[in-house]
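*Asks:* Return a 3D structure for these sequence lines:
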Amino acid sequence: METAGVAQLFEGVRVADVRDGMDWAGLHAKGTVSPDIAPMFQGAKLCGPAHTIRHRLSEKTVPAITPDEYTEWAYNYWYKELYSYKLAEHLTTGEVVVVESPPDVAVGEIGSNNSLGWFAAGAAGIVTSGGVRDRDECILQKVPIFCRTRAQAMVQGRIEFDAAQIPVNIGGVLVRPGDIVVADGDGVIVVPLEHAEVVAKFARQELENDKVGRRKIYERLGWPLDETVK
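*Replies:* Residues are numbered from 1 along each chain as shown. Model (predicted):
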């Protein structure tokens with residue numbers, strides 16, 4: 001089965017169900033991303049194959065230049081030569097953008113502009129081990145983003161693009177291009193592609209069992225049925 005088809009097996013399945021499916025597949029110690037990486041807003045959720053990016057610390061110094069010269073330096077040097085990966089041109093519709101960021105650097109690699117641009121190019125959402133800025137706009141736009149920190153700074157003088165579509169470390173979990181990423185209010189979980197069909201089968205089993213049990217309680221309480229129990 002193609003990767004996109006495998007990802008569809010997880011549509012509508014909760015992170016908790018995927019965790020159960022991983023356990024059923026014998027992957028008890030795998031997949032769960034550190035809870036430090038959390039949704040930016042209530043209700044954020046995503047699912048899809050990973051498109052990975054890794055950034056690295058920069059040791060290049062910012063030259064002594066005027067503010068006007070800084071504009072030229074930032075846009076025609078830093079962004080063109082050191083931070084030049086044009087993600088939107090490489091995305092496949094439905095992929096989750098997964099960004100490994102250097103630890104303990106308060107940089108907003110994700111913002112309202114690039115996240116919205118990637119979403120418009122087909123990204124299902126973003127998971128980053130780094131920071132996000134423009135948070136108010138990001139929340140307003142409702143692009144699903146899972147991140148570790150809030151940040152203010154731009155990348156110039158701090159972060160460079162390193163590589164894309166390579167294995168990355170996100171919250172203590174190895175994420176390879178094409179691995180299935182699922183995220184909701186319970187956090188982020190990553191399913192190795194080679195185990196995805198088995199994990200999806202038993203995740204779905206647990207979801208349906210949960211719906212049956214909760215639907216009976218809803219009916220006993222006289223509550224109207226919602227999408228979580230249908």
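*Asks:* drop to CA atoms for contacts and neighbour counts, all remaining ones
*Replies:* Will do.
*Asks:* mind checking the longest strand of this protein?
*Replies:* As assigned by DSSP state E, the longest strand anywhere in the chain is strand 46-57.
*Asks:* Can you tell me what sits against that strand?
*Replies:* Outside strand 46-57, the residues that touch it by CA atoms under 8 Å, 6 or more residues apart in numbering are 3-4, 7-8, 10-11, 91, 94-102, 124-125, 144, 158-168, 175-184.
*Asks:* Give the buried residues for the helix or strand just after that strand.
*Replies:* Proceeding N to C from strand 46-57, the next assigned helix or strand is helix 67-73, under DSSP states H and E. For helix 67-73, burial by neighbour count (16 or more other CA atoms under 10 Å) applies to Trp73.
*Asks:* State the next helix or strand along the chain beyond helix 67-73.
*Replies:* With DSSP H and E, the next secondary element past helix 67-73 is helix 87-90.
*Asks:* Can you list the helices and strands that that following helix packs against?
*Replies:* Judged by 3 or more CA pairs under 8 Å, 6 or more residues apart in numbering; DSSP states H and E, helix 87-90 is in contact with helix 112-120.
*Asks:* The helix it packs on - contacts with which helices or strands?
*Replies:* On a contact count with 3+ CA pairs under 8 Å, 6+ apart, helix 112-120 meets helix 87-90, helix 135-141.
*Asks:* In CSV: those, plus mean pLDDT and distance to Ala44.
*Replies:* Formatted as CSV, the helices and strands packed on helix 112-120 follow (pLDDT from 0 to 100; distance: least, CA to CA, whole Å):
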stretch, mean pLDDT, distance to Ala44
helix 87-90, 94, 21
helix 135-141, 97, 10
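*Asks:* which one of these lies closest to Ala196?
*Replies:* helix 87-90 (23.5 Å; CA to CA).
*Asks:* could I get that closest one in PDB with only the CA atoms?
*Replies:* C-alpha atoms of helix 87-90 as PDB (Å, rounded to 0.1, in the frame of the first residue of the first chain):
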ATOM      1  CA  LEU A  87       9.400  23.500   1.400                       C
ATOM      2  CA  ALA A  88       6.200  24.400  -0.500                       C
ATOM      3  CA  GLU A  89       7.800  23.300  -3.700                       C
ATOM      4  CA  HIS A  90       8.600  19.800  -2.300                       C
END
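*Asks:* what's the distance between that helix and the middle of its chain?
*Replies:* 16 Å (CA atoms, centre = their mean, to the nearest Å).
*Asks:* Disregarding flanking residues, what is the spatial nearest neighbour of Trp78?
*Replies:* Distance criterion CA to CA, 6 or more residues apart in numbering; nearest residue to Trp78, sequence neighbours excluded, is Gln156 at 6.3 Å.
*Asks:* Turn the helices and strands packed on helix 112-120 into JSON lines, including mean neighbour count.
*Replies:* Output for the helices and strands packed on helix 112-120, formatted as JSON lines (neighbours: other CA atoms under 10 Å):
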{"stretch": "helix 87-90", "mean neighbour count": "14"}
{"stretch": "helix 135-141", "mean neighbour count": "15"}
